[in-house]
Structure formats: C-alpha cells, structure tokens
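Novice: next comes the sequence, and after it the predicted model I'd like to discuss.
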Amino acid sequence: MHQLWTWVFEPGFFSSAPVRVAAVTGGVAAVVSAVTGVFTVMRGQSFGGHALGDVSAAGGSGALLAGLSPLLGFVGLGIVGAGVMDMIGVRRVRGRDLATGIVLGAAIGLSALFLYLTSVSGATTGAPAQILFGSIFTITSATIPAVVILSGIAVACIVAVWRPLLLDTVSPDLAAARGVPVRLVGLLYMLALAVSVGLSSLAVGAILSTALLIGPAATALRLTRTAGRAVAAACLLGVGATWLGILLAYDSYYWGAAHQGLPVSFFIVAVIFASYLLSGFPSERATGGRRDTASPASPAHEHIAA
Amino acid sequence: MGQAQTSAATPDVLRVDGVSVSLGGRRILDDVSFTIGAGQFTGLIGPNGAGKTTLLRVILGLQRATAGTVTVLGHPRSRRNPSIGYVPQKVLLDSDLPMRARDLVALGMDGHRFGMPLPSRQRSEAVREMLHAVDAERFADARVGNLSGGEQQRVLIAHALISRPRLLLLDEPLANLDLRSGQEIISLLARIAASQQVAVLLSAHEMNPLLPVMDRVVYLAGGRAASGPADQVIQAEVLSRLYGHHVDVLRVHGRVLVVAGTDAEPGADFTADHALEAG
C-alpha cells in the first residue's frame, strides 16, 4: 500500500512549496475558467476567448519587459482587449469574427515585439515559454492574494448576470424584449472572461488558456442538462485536470534517468483533452436520448413532410 | 371568439396610431393604425417583407418609430413592459444548450432579474402549471434543443405567458412547422386567448390556417395596413388599395387566395417586391 502511495505521489510532493502554490493558483484559475467557460461555449465565443488569451500574452510579455508582475499584464491588457472587442461589435454575430480577428492579430504582433525585446535585453531567460506556455511552479506565494481577489471579481460578475445572460444566450431578442440591459450584461460577462483568461494564462500560459476555459466547460455541457450543473461539473473537471496535471508533471522528474521534469501545462491540457474525448460516450444518455430516438415529429421529419 | 362587446367597455389592450418607420431612406411602415381589444385573436397578415416584424418590434420598443404612437392598456408603451409577452421569429435552440424546457419557462418569469435563481416551491409550481397549460409537461425535462419545432413553440409560448401578459405577440410562429403542428399551435393559442383573456397578435404570411380563429385581421402590404374583421378586410377593393395595384381575392372551399389581378398596368407598380403569396 505504502509503495503504491509513493509510486503515485513521488517523495516531497506534499511538502513542496511550489507544488502547494501551484495547486492553489491553478485550482482557483480552473474554477474561474469553468464558471465563465460554460457561458463562453454556450454563446459560441470560444474564438473570442482564444483571442483574449493572445491579448493576455501581449500584456504578460509587456509587463515582463517593464519589470512588472506578469499577472498584472495578463489581466490588465485582457480587460482593455475585451473592451475593444465589445466596442467593435462582439455582440453582433456578424461583427464578432471581425472584432476577434483584428484584436487577435494586433495582440500577437505586440507579443512578438515585447518577447523579442525581453530576450535581447537578456534580463530573463525563457520568457517566451513562461508567458506563452506557463510555468506554474515558478509562481510565488505572494501572488496568491491577487489571484483570489481577481477570481472573486470574475465569479461575482457571472453570478450577478446569471439569469439575464442565460436569456441573452437563448435569444438576444427575447432578452431585449424583457427589458434586460443587454449591453451592461454583455460588458460584465466580457470583464469576467478577460479576468478568467488572465488567471489561466498565469496557470497554463496565455496560448493554452483557451484549453482551461473551453475544455472542462465543453465536457461538462456534454454531461449535464442545466447551466448550474454544467458549471459545477466544469469546476470539478477543471480542478481535477489541473491537480492531476501538476502531479504528473512533478512525478515526471523521476520517470527518466536524466531527471528532466516535463512541462505542467502539457499534462493539464492532455488530461482535459482526454476527458473531453471520454465524455463523448455517455452523452446520449445524459441529454435524455432524444437526439436519436426523436419522436416522429422531429424537425428533420417535419421538413420533409412540409 | 368575438370579444367586441368587452373591448368597447375596457380600454384597448393595444392602440397603434399613425406609426411610420423609415430605415435608410426606405419607408418600411407608412401611417399604420389599428387597435386590439382584450382577449381578441388578431392575425397580422402580409407577404414577406411587408414590415410585419418591424411593426412587432415597434410595439415591443425594440425599434424606434419615425412617427406615431403605441399605447398599451391606456399607457404609452414603456420598455420592459410586463403586460406584453413575445415569441420571436427563428429562435435557434442549439442541442448543446444545457437548458430543460422547464428552465426556459422559468426564465420567462424572472430572466430579467440579476443574480441566480433560488429554489422556490412557488416558482416551480408556477412553471409546472404553465407547462400543463400548453400541454408540454411530458417533455418538461428534455433539453430544449432536442425538441421538435412544434414542441419548442409550446415552450416559447409558455415562456412568454408565465409573466401573465395581457398581450401576446408572436412573430411567424408557424413558419417552420408542418401543417398538423401548426394547427395544434393555433388551437392552443385560441384556447389561451379565450380562457386567460390574453389578446394575441400573430404574424403570418399564410392566413388560411388562421381563418377559423381570427377575430380580426391586420393586413400589411407595401408598408400600409388595413384592419378589421377578416371578411371585411380580405376584399379585392381593400387589398388592391394596399398593394397599389389590382389584386383578386378568390374564395375556394373556404380557403382564401389573394392573386395579382390580370388587369395590372404593365410596369406600373407590379415589381418583384409585390409578388403575392397565396394567402
């Protein structure tokens, strides 16, 4: 039994300070990403979420160049990017791809510039990898309060607009007719999205932040029938994948003779991807099995009948 | 069905007075006026592009009128009017949407409120009652995206009715339904209009399925409207004036067909825009 335990948890796992900080920040980032991500997937704004990741990359690399905390850059520029996307017209379906594409292109250009300047100045080695692909074990415990406060803001935003946002997701016309302040609701959601992406950029890197935002949410949406349960399931999946990824990365140091640990972000994203694939099997049962056993009056049949 | 007596005593549920809408220099609605009394079933009939959706959006306050007024229950129309229920055209309910029929109906009650809903016996009882009223109880727990077109319409109607409106607006609710589902929705609406004293204004480009239940018709063509009892409005003379060229109204086995007249002056008003649907 003890042997199995030490085989799963290599020596020093629970006493390691970097592991503890990583588990806390990663777990918090996973929860926030799950809460926001369920709405992002439902609203078909995954591409927008990815673009905000690239904006975060520009912010993080800029902050690194200026000698500031990357988290400040991730979240700060992310919020600006979300505001710009809202202004260009992320609300209108037609304008959405355009807004996203323009913001994304500009952000990647800025990241390229900042990361080049950082590497030339030689102040930090491995800056591009840290910003783009994350390095959760290098986060210091001093960052934890900021992470917790930011996550509180993002979750509070989503909880506040929960019902109007759901209604707006079903039909913007329906929401507007009910007198929902759709602009305000949309802005609060974009704020939550920017903060979530910033936090997951810190955990798994700006480029991979989409995986933490979209993966657990998409898996949860396959398994549940209400928004509340989807959010709960996405939180469990996200935190589970993050912690399992941290454990695997820690253990990977002992796998080869060379004692070369593999990147955490890879493991987290791999676990998320695997769980998404696995969730494909029971989905028919969870959705009530109506998709395939549809009544004779299913839309497809009606179309033929008409 | 006739509610003419009651509507004379109480204020009109809806009064549209001289409403005009111009968009980008194009006149969509031109001096449209009509009233709807309590519990009346009114068909908003007209060919595609006649301005039916625009008119409904003006009534809802989603579209600003260039001229004219809309009065609801004797008061100027205000935004977030709980006395109007609305079923929009083409609500795309994706099968990935994690929402059961009963959740969508519940959003009709408090979807405009901030915060998450707290579990409440009263709330779920009201939802159950409403689902029963539209005969949707048997798929209450199915995902809305997996329901058939007719089932989705029932859920959307329940969503619109649960706030107990006095006026229910439906934008082309029969557009994507087969004949039988369409008939079921129409008789459901007629039943609700009578039993709950809800006035119904339903837009459609095809009037025949509505003829047995319509108290009144508002016929829109070329941005202009004529309103009144169906047999008075659906006349060659009235509709020819609306279309701006001669049309014939044919009555065949209880069905009505509106067709372009044979003596239309070539090239005058008769453009593709005016191509009539059998209605």
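Specialist: Cool, got the structure. Residues are numbered from 1 along each chain as shown, chains lettered A, B, ... in the order given.
Novice: how many neighbouring residues does the residue of the stretch 151-300 of chain A found nearest chain B have?
Specialist: The minimum distance from the stretch 151-300 of chain A to chain B, using C-beta to the nearest C-beta, falls at residue A:179 (2.3 Å). Yep, even glycine has a C-beta here, placed from its N, CA and C like the rest. Residue A:179: 17 surrounding residues under other C-beta atoms under 10 Å in any protein chain shown.
Novice: geometric centre of chain A: which residue is closest?
Specialist: Central residue of chain A (C-alpha atoms, centre = their mean): residue A:213, 2.2 Å from the mean position.
Novice: so who does that residue touch?
Specialist: A:33, A:36-37, A:40, A:46, A:49, A:53, A:196-197, A:200 (C-beta atoms under 8 Å, 6 or more residues apart in numbering or on different chains).
Novice: repeat that for 6 Å
Specialist: A:33, A:37, A:49 (C-beta atoms under 6 Å, 6 or more residues apart in numbering or on different chains).
Novice: check residue A:30 too.
Specialist: A:238-239, A:242.
Novice: which of the three states applies to the residue most central in space within chain B?
Specialist: Centroid check for chain B by C-alpha atoms, centre = their mean gives residue B:202 as the closest residue, at 2.1 Å. Three-state assignment for residue B:202 (DSSP: H, G, I helix; E, B strand; the rest coil): strand.
Novice: I figured it hits residue B:169, correct?
Specialist: No. Contact between residue B:202 and residue B:169 fails when scored by C-beta atoms under 6 Å: they sit 7.9 Å apart.
Novice: contact partners for residue A:13?
Specialist: Counting by C-beta under 6 Å, 6+ apart, residue A:13 has contacts A:19, A:250.
Novice: which SS state does it fall under?
Specialist: coil.
Novice: any figure for the gap between it and chain B?
Specialist: Between residue A:13 and chain B the computed distance is 36 Å (C-beta to the nearest C-beta, to the nearest Å).
Novice: need the phi and psi values for that residue.
Specialist: phi -60, psi -50 (degrees, to the nearest 10).
Novice: how about the one 5 residues further on?
Specialist: Listed backbone geometry of residue A:18 is phi -60, psi -40, with angles given as degrees, to the nearest 10.
Novice: now the strands for the stretch 1-150 of chain B?
Specialist: Assigned by DSSP state E, counting those that start in this stretch, the strands in the stretch 1-150 of chain B fall at B:14-23, B:26-36, B:41-45, B:67-72, B:75-76, B:84-87.
Novice: make a markdown table out of these and add distance to residue A:114.
Specialist: Below are the strands of the stretch 1-150 of chain B laid out as a markdown table (distance: least, C-beta to C-beta, whole Å):
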| stretch | distance to residue A:114 |
| --- | --- |
| strand B:14-23 | 45 |
| strand B:26-36 | 49 |
| strand B:41-45 | 58 |
| strand B:67-72 | 54 |
| strand B:75-76 | 55 |
| strand B:84-87 | 49 |
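Novice: which of the ones you listed has the lowest average pLDDT?
Specialist: With a mean of 80, strand B:75-76 has the lowest mean pLDDT of these.
Novice: in its sheet, which strands sit next to it, and in what direction?
Specialist: strand B:67-72 (antiparallel) (DSSP bridges).
Novice: show me the contact partners of the strand it pairs with.
Specialist: Counting contacts by C-beta under 6 Å, 6+ apart, the residues touching strand B:67-72 from outside are B:14-20, B:59, B:77, B:81.
Novice: which among those gets closest to chain A?
Specialist: residue B:81 (7.6 Å).
Novice: quick one, helices of the stretch 1-150 of chain A?
Specialist: A:2-8, A:17-42, A:46-65, A:70-88, A:93-121, A:127-133, A:144-160 (DSSP state H, counting those that start in this stretch).
Novice: what's the most buried one of these?
Specialist: Of all these, helix A:46-65 has the most neighbours on average by mean count of other C-beta atoms under 10 Å in any protein chain shown, namely a mean of 26.
Novice: for that helix, enumerate the helices and strands it packs against.
Specialist: helix A:70-88, helix A:93-121, helix A:127-133, helix A:182-204, helix A:209-223 (3 or more C-beta pairs under 6 Å, 6 or more residues apart in numbering or on different chains; DSSP states H and E).
Novice: now those as a markdown table including mean pLDDT?
Specialist: Below are those laid out as a markdown table (pLDDT from 0 to 100):
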| stretch | mean pLDDT |
| --- | --- |
| helix A:70-88 | 88 |
| helix A:93-121 | 84 |
| helix A:127-133 | 81 |
| helix A:182-204 | 92 |
| helix A:209-223 | 93 |
